[in-house]
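Student: what's the 3D shape of this:
(chains A and B)
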Protein chains: 2
Amino acid sequence: MSYTAPLKDMLFNIEHLARIDQIAQIPGFEDAGLETAQAVLEECGKLNRDVIAPLNWEGDKNPSFHHDGNQVTTTPGFKDAYKQFTEGGWQSLQHPADFGGQGLPKTIGAACGEMLNSANMSFALCPMLTDGAIEALLTAGSDELKATYLEKLISGEWTGTMNLTEPQAGSDLAAVRTRAEPQPDGTYKVFGTKIFITYGEHDMAENIVHLVLARVQGAPEGVKGISLFVVPKFLVKADGSLGERNDVHCVSIEHKMGIKASPTAVLQYGDGMAASIADSTGPGAVGYLVGEENRGLEYMFIMMNAARYAVGVQGISIAERAYQKAVQYARDRVQSRPVDGSLPAAGPIIHHPDVRRMLMTMRAYTEGCRSLASVAAAAYDAAHHHPDAEVRKQNQSFYEFMVPLVKGYSTEMSLEVTSLGVQVHGGMGFIEETGCAQYYRDAKILTIYEGTTAIQANDLVGRKTSRDGGQTAKALADQVAQTEAQLLASGHADALAMAKRLKAAREAYVDVVNFVAGNTKAKPNDVFAGSVPYLMLTGNLMAGWQMGRAMLVALSPEAQAQDAAFMASKVTTARFYADHILSKVPGIRDSIVEGAGSVTELALDAF
Amino acid sequence: MSYTAPLKDMLFNIEHLARIDQIAQIPGFEDAGLETAQAVLEECGKLNRDVIAPLNWEGDKNPSFHHDGNQVTTTPGFKDAYKQFTEGGWQSLQHPADFGGQGLPKTIGAACGEMLNSANMSFALCPMLTDGAIEALLTAGSDELKATYLEKLISGEWTGTMNLTEPQAGSDLAAVRTRAEPQPDGTYKVFGTKIFITYGEHDMAENIVHLVLARVQGAPEGVKGISLFVVPKFLVKADGSLGERNDVHCVSIEHKMGIKASPTAVLQYGDGMAASIADSTGPGAVGYLVGEENRGLEYMFIMMNAARYAVGVQGISIAERAYQKAVQYARDRVQSRPVDGSLPAAGPIIHHPDVRRMLMTMRAYTEGCRSLASVAAAAYDAAHHHPDAEVRKQNQSFYEFMVPLVKGYSTEMSLEVTSLGVQVHGGMGFIEETGCAQYYRDAKILTIYEGTTAIQANDLVGRKTSRDGGQTAKALADQVAQTEAQLLASGHADALAMAKRLKAAREAYVDVVNFVAGNTKAKPNDVFAGSVPYLMLTGNLMAGWQMGRAMLVALSPEAQAQDAAFMASKVTTARFYADHILSKVPGIRDSIVEGAGSVTELALDAF
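Tutor: Okay, the predicted model is just below:
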């Protein structure tokens, strides 16, 4: 169950599609060129292969467990591995140098994130949530909050959590009931129950910094009355050392289908249950307001955009891991003679065309989504750091359009890829000790948390498409058309096939964009009946577009001189993507544009 | 986690699509009309709802376990439930009256099988394997073997197993190594290791009758040297009572991702390990040849056709169970206001278009596959019992074409349906206690056992399509075209939409049939690169065809007078199938006919 980072593919994307040379021209990123990327990725690959990946199956067998009322002990080995991870500076990779970070671009950081999640998704969730807390504090925290928390979070000495969900408030955050009572000293006392809190309690760090959505007494109803608070597990004294235990406790952790090593906590705020600050000041968890009252959801959305992108990368990660395992099995398992008679007797199943089809499907989805995520990361870097405001704006618009696709499409495809991974193993795939069943079980959370696929699709329909009348969406179609023209001009057979599929998919996409932009207000049921298919169609096309760009690069004499074998594989994989994945797009168009009626027509009592 | 049998839909299929009235005209089935079907299905539904279904989650929490070297204890409650099942005569339903069976048609029996598997797939596997053993003995057993075993198997007092797989012989049965040594008394001594033996050991019945593939000493290499044996757990004395313990032992059971209550045994034949016949006659399990030497695979294939159909039904079963659970949750869970403003505030999520899309997808797949299975069952009945040889032949040909589709398509769709079932539940879906994760885990075995989807696809390509140059396949296209003509003639808007999608799908299908029939010999890699897509395309079309037939019935005044609400739902569900599922077919055609090259092009060392 080993894992080897796909360095060549990552660096191909970073060099040729994300164009790290252009990012390295942005002030502050001067040292973040291709050589840096290569060096960082190689080191990261070693840590993940040698230290983090070997703990993945262990985490499934021996998950985190809850004991003594409010303690959580993580899987044996996790604590040590986390120490190595933080001591290597991996938590600080993308964060600002002002607070001890390394300030590397997301273009590099995202690839490192992919590796960590391939190695061990349950483990990787802890640093991912810390990243979210850092993002929130950078965005809206006061100087005091920043000074108190950021260095410790960026070093990884403390970890972070996001506390959104309550039993009655899942996708619908308007229903949040956790309350915050203002105190005379400017702090708040927080009361309520939060569920599904990833790494809400654990033993890998000395403090946990909870970012918590709650309502200040007297705040407006709905989403406009929600504020964001920092609630540390241990209060922090003026000198930065840890003080009293705060009144927030983990009352249980969930028994889940996958990512079992990642403790999913129910947190009780202000129950005065165990020895804590409640003994000296009365019940209630001490919280500190982030930014202004009632703007919590706005800040949380900034944080969620980073988290959504990161979850999309998790989809790529688990797909890559499943692919590597399936390839290994297909090379080793001998069964039946190939249909073309190319071997004299039974041979490894990788010789069977259907096994190849499965492996190629896994590979093409994974590479396609990886290339899309890489290009989106580069846009993020330009959007946040480019000196030219117009360039920043364009890149921000591109990035924001891509976030629901990276999240939604990469995670949905990971369900199919991990399922194929099991299928390649035949009966052995269903036996837990084989390991690929874990990837299948782990992956299923990805289409749910940080906003289900439907929530991503709402974002794509509403904020990203209808709000500007489909302008951003259609501008992207024009860019796809340019790639088609370049492919046609190359004249290569594979390029012509790619151009043909891209054209059909793009035309279907434009039809759907017009349908969505034209009907969101007048016929919301018809549009939202097709919102997830629209997301899948668009994700498919945008990843296919990147595969088209990748094919153009790979067909060039310069690239072939660099690494002919790799470039030939890239061309074949892109061609496979075109013929077997992009080819689904026109059918999805029909469902959306012509099929809305039957989605909502059935009488409610007929289900 | 309740289950209610979908009686209305089952009886609709049995009456209108499978045409039970025609089956009841076949000699021997005179009493098996619609009223009988209704009475049997109602009783069966009660047993499954009240007795079998409540044990499903219990089986996941407390699986069968192996102890004392060769014993297996099943989940608490299973033994009692099995007693009720057999005492109610449910094992004997479809088996011949000569041996104590009830001789009901498969058209009714298959619906009962669906219920049992919806209620508890792990439990249902035991009777399913017994059915397989009965089928094998009926097909090829000597009168003596029949006399000794059939009544006990048909009553369910004894259970049966199928022993095919060995560590090196999974899909490739040519690699079977278990050996059988002829004894002077005409029996054989069997030696070897069989794996993945469902209910290979358990405590629910007093004897277990293993059907075992093995090689007689000196038999030819490969598939032509495999024979079939009966190896009972306890030898049977001349008076029918149980004698000595045979030398076959369960050395372990597997730790699986799903169907955990179903014990999957490793059986050791002839290790002389525990007190057994080996003590008196030396090691080796006593076996009795079924039929003739070296024809074992042929007999096993007859048995497997029944089993493959039954596994296809399991796909429908688990999809139905997942659907029912998702509908219940969608009615109960309140979250957000509907996008069309149809409720004044947050309401049950079934009001959200995307939740409706998911539920409709689940429903349409399930109903479509159920209708196909029902029609195939009727063909089986006519093929085996119709007095006219020509009618038998036509029906046999139809049934044989449908078996890989029922198996392959219904199980593949069950992966998507159970995944959607989890998705409807959001975060709660990932928590094991919710129950829908179990369906997702259970379903994954269905595309693997009794021949993976690729093995079904090989059958469809080879025996069912290429062997007769695509004649059977194209004759089916003509039948689809007739349904299109009837839909067009009806003039109803939903019928016109269905006809349009059927036409596009049928034309794509004919292209693919020509491609497959024309290239299987000349370009086997190209054809088998698309074999599973061909299966999925064909299953999709054939189920869609039945949904088209169902729509025609449901639009008729007679049917609407019978049950207007049900017929309206059927029309909507069929329309949904047309626009959202059939619409995928043309894209699959492109993959198969134009995309074969990139499937096998990548260099082996490039994976």
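
Student: now do the contacts for the closest residue to residue A:24 other than its chain neighbours.
Tutor: Nearest non-adjacent residue to residue A:24, counting by C-beta to C-beta, 6 or more residues apart in numbering or on different chains: residue A:33, 4.1 Å away. Any C-beta I mention is one placed from the backbone N, CA and C, and that applies to glycine too. Taking C-beta atoms under 8 Å, 6 or more residues apart in numbering or on different chains, we find residue A:33 in contact with A:20-21, A:24.

Student: and residue A:33, how far from chain B?
Tutor: 28 Å (C-beta to the nearest C-beta, to the nearest Å).

Student: before we move on, what about residue A:150?
Tutor: 29 Å.

Student: go on, residue A:55?
Tutor: On the measure of C-beta to the nearest C-beta, residue A:55 and chain B end up 20 Å apart.

Student: three-state assignment of that residue?
Tutor: helix (DSSP: H, G, I helix; E, B strand; the rest coil).

Student: what's the nearest residue to it if we skip its chain neighbours?
Tutor: Using C-beta to C-beta, 6+ apart, the closest residue to residue A:55 is residue A:77 (4.8 Å).

Student: name the helix or strand of chain A that has the lowest mean pLDDT.
Tutor: Ranked by mean pLDDT, DSSP states H and E, the weakest helix or strand in chain A is helix A:278-281, scoring a mean of 84.

Student: in that helix, what's buried?
Tutor: Neighbour-count burial for helix A:278-281, counted by 16 or more other C-beta atoms under 10 Å in any protein chain shown, picks out residue A:278.

Student: burial of residue A:484, as a residue count?
Tutor: Neighbourhood size, residue A:484 [other C-beta atoms under 10 Å in any protein chain shown]: 20.

Student: for it, which non-adjacent residue is closest in space?
Tutor: Distances taken as C-beta to C-beta, 6+ apart put residue A:499 closest to residue A:484, at 4.6 Å, once the chain neighbours are dropped.

Student: wait, what's in contact with that neighbour?
Tutor: A:484-485, A:487-488, A:548.

Student: in JSON lines, list the residues you listed along with secondary structure.
Tutor: Converted to JSON lines, the contacts of residue A:499 look like this (three-state DSSP):
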{"residue": "A:484", "secondary structure": "helix"}
{"residue": "A:485", "secondary structure": "helix"}
{"residue": "A:487", "secondary structure": "helix"}
{"residue": "A:488", "secondary structure": "helix"}
{"residue": "A:548", "secondary structure": "helix"}
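
Student: from those residues, which would you call buried?
Tutor: With neighbours counted using 16+ other C-beta under 10 Å, these contain these buried positions: A:484, A:487-488, A:548.

Student: picking up where we left off before, now flag whichever of the contacts of residue A:499 is closest to chain B.
Tutor: Taking C-beta to the nearest C-beta as the measure, residue A:548 is the one of the contacts of residue A:499 closest to chain B, at 14.0 Å.

Student: mind checking how far the closest one is from residue B:603?
Tutor: For residue A:548, the distance to residue B:603 (C-beta to C-beta, to the nearest Å) stands at 22 Å.

Student: quick one, grab the pLDDT at the residue of chain A positioned farthest from its centre.
Tutor: Largest separation from the mean C-alpha position in chain A: residue A:344, at 45.7 Å (C-alpha atoms, centre = their mean). Per-residue pLDDT puts residue A:344 at 96.
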